[in-house]
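Sequence below, structure please.
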Amino acid sequence: MDGSVALQVLDLVGIFVFGITGALVGVRKKLDVFGIQVLALVTGLGGGFLRDVLIGATPPAALADWRYLAVPVVAGLTTFFLHPGIGRVERLVNVFDAAGLALFCVTGARKALDFGLSPLSAALLGTISGIGGGVVRDVLSGRVPVVLRSEIYATPAFLGAGIVVLADSAHYDAAWVTIAAAAVCFAIRLLAIRRGWNAPLPRVP
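Next up, the predicted model:
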C-alpha cells in the first residue's frame with residue numbers, strides 16, 4: 001500500500017473511532033441525534049482540522065474530501081442506533097478515545113514530517129492532532145478536558161508521535177513502525193486508566 005494511501009486510511013480510521021467517542025459522550029449526556037452528531041463531528045475532525053491549518057495544508061482534508069465528513073456522520077449514526085447499555089458507555093468511551101489518540105498522534109506526526117517540519121515540531125503537532133478533538137468534545141459536553149486533568153493523556157500521544165519522528169530521523173519509515181508507535185500510545189493510555197496513573201499535582205498547603 002502506498003504511503004500516502006496508508007496515511008489516509010489511518011486518518012479515516014482515527015476519525016471513525018474518535019467519532020464514536022464523541023457520540024458515546026453524547027449518549028451519556030442524553031443528547032438528541034443532532035447533538036450526538038455534532039459531538040461525533042467535532043471529536044472526529046477537530047484534531048485533524050487543527051493539524052492541517054497549522055502546517056498549511058489548506059483547505060483542510062476535512063473540507064476537501066467528502067469522506068472526511070461522511071465517516072464521523074456514519075460513526076455518530078451507528079452509535080446512536082447501536083450503543084450498549086448506558087452502564088457500559090464509560091468503559092467504551094475510554095477504549096475508543098485511547099484508540100483515536102493513538103491513531104491521530106502517529107498520523108499527525110507523519111503528515112507534519114511530510115510537510116517538512118522539524119522533528120520536535122512534528123512530535124508536538126502529532127500530540128496536538130491526538131488531543132484536539134477530545135478537548136473540543138469535552139468543552140461542548142460540559143466536561144473538564146481530559147488533557148487538563150491529572151490523568152496521563154498527552155504523554156502517551158507525545159511518545160507515540162516521538163517514535164514516528166525518531167524512526168524518520170533514522171531514515172526508517174517501515175509501516176510497522178507507525179503501527180508499533182500507535183500500539184505503544186494505546187497501551188500506555190489504557191494502562192494509565194486501569195492503574196490510575198496521574199501526572200504530578202502541585203502541593204496545596
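
rest of the way, CA atoms for contacts and neighbours
Will do.

Run through this protein and note the low-pLDDT ranges.
For the chain, the stretches flagged by pLDDT under 70 are 1-4, 84-87, 90, 150, 201, 204-205.

any idea where the helices of it begin and end?
Applying DSSP state H to the chain gives helices spanning 3-28, 33-55, 61-64, 66-82, 89-114, 119-140, 154-169, 175-195.

Quick one: those as a markdown table, columns for distance to R203 and mean neighbour count too.
Compiled in a markdown table, the helices of the chain are given as follows (distance: least, C-alpha to C-alpha, whole Å; neighbours: other C-alpha atoms under 10 Å):
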| stretch | distance to R203 | mean neighbour count |
| --- | --- | --- |
| helix 3-28 | 32 | 24 |
| helix 33-55 | 32 | 24 |
| helix 61-64 | 43 | 16 |
| helix 66-82 | 41 | 19 |
| helix 89-114 | 28 | 25 |
| helix 119-140 | 26 | 25 |
| helix 154-169 | 21 | 23 |
| helix 175-195 | 21 | 18 |
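
Can you check which of the ones you listed gets nearest to V147?
Across these, V147 has its closest neighbour in helix 154-169 (6.2 Å, C-alpha to C-alpha).

if we can go back for a sec, what would the helices of the chain look like in TSV with distance to L148?
Below are those laid out as TSV (distance: least, C-alpha to C-alpha, whole Å):
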stretch	distance to L148
helix 3-28	18
helix 33-55	16
helix 61-64	26
helix 66-82	25
helix 89-114	15
helix 119-140	9
helix 154-169	9
helix 175-195	15
